[in-house]
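S.K.: Build me a model:
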Amino acid sequence: MKKIDLACIIDDDPIFIFGAKRMMQLSDFCNSFLVFNHGEDAINHLRPIMEEDSTKALPDVILLDLNMPVMDGWQFLDEFIKIKTSKEITIYIVSSSIDPVDFEKSQKYSQVKNFVIKPISEDKIKFIMNDLTSG
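M.R.: Numbers count the residues shown, from 1 in each chain. Modelled structure (predicted):
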């Protein structure tokens, strides 16, 4: 299985971030991480890189929380989809929400590959790895 170069975590929970990074390291998931505590920081960082179409500094995958301060996951997605880039960036919603409405809403975004319920685990990271390579 091919290792991802750059993974991005957008979440305001430091415990989740620590756990996700640790699970990714144990699973040999990626070479490096970008971490943002809310959607606004993430979009402000990613937008200029995407607009100049510099694929080297863009993540291959984003793990996106829905409930965050400043700019939540839905607001991030609404801004993210407006930006044109040649690199395919796959987004996984990783949320504690079990509301079917959130799952259904996530399916309306073509960039969202899947919805993963917290807490994160090594098995869930392996699921994402397999899901990414399955097309």
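S.K.: Please determine how far Tyr27 is located from Ala7.
M.R.: Not quite, residue 27 is Ser, not Tyr. 11 Å (Cβ to Cβ, to the nearest Å). Using the backbone N, CA and C atoms, a C-beta is placed for each residue, glycine as well.
S.K.: out of the two, which sits in the more crowded spot?
M.R.: Ala7 (23 against 17; other Cβ atoms under 10 Å).
S.K.: in a strand, that's where the more buried one is, yeah?
M.R.: Yes - assessed by DSSP: H, G, I helix; E, B strand; the rest coil, Ala7 belongs to a strand.
S.K.: What's the local residue count around Ile43?
M.R.: 21.
S.K.: Can you tell me the closest non-neighbouring residue to it?
M.R.: Of all residues not flanking Ile43 in the chain, Glu79 sits nearest, at 4.9 Å (Cβ to Cβ, 6 or more residues apart in numbering).
S.K.: hmm, what's the outermost residue in this protein?
M.R.: Going by Cα atoms, centre = their mean, the residue of the chain most distant from its centre is Glu52, 20.8 Å out.
S.K.: Okay, now the unreliable bits of the protein?
M.R.: Applying pLDDT under 70 to the chain flags residues 1-2, 54-56, 135.
S.K.: Quick check, Val94 in contact with Cys8.
M.R.: No - using Cβ atoms under 8 Å, Val94 makes no contact with Cys8, being 11.4 Å away.
S.K.: in terms of contact, does Gln75 touch Gly39 like I think?
M.R.: Yes - contact status for Gln75 versus Gly39: in contact at 5.6 Å, counting by Cβ under 8 Å.
S.K.: quick one: Gln111 from Ile128, how far?
M.R.: Distance from Gln111 to Ile128, by Cβ to Cβ: 15 Å.
S.K.: quick one, which of these two is more surrounded?
M.R.: Ile128 (25 against 14).
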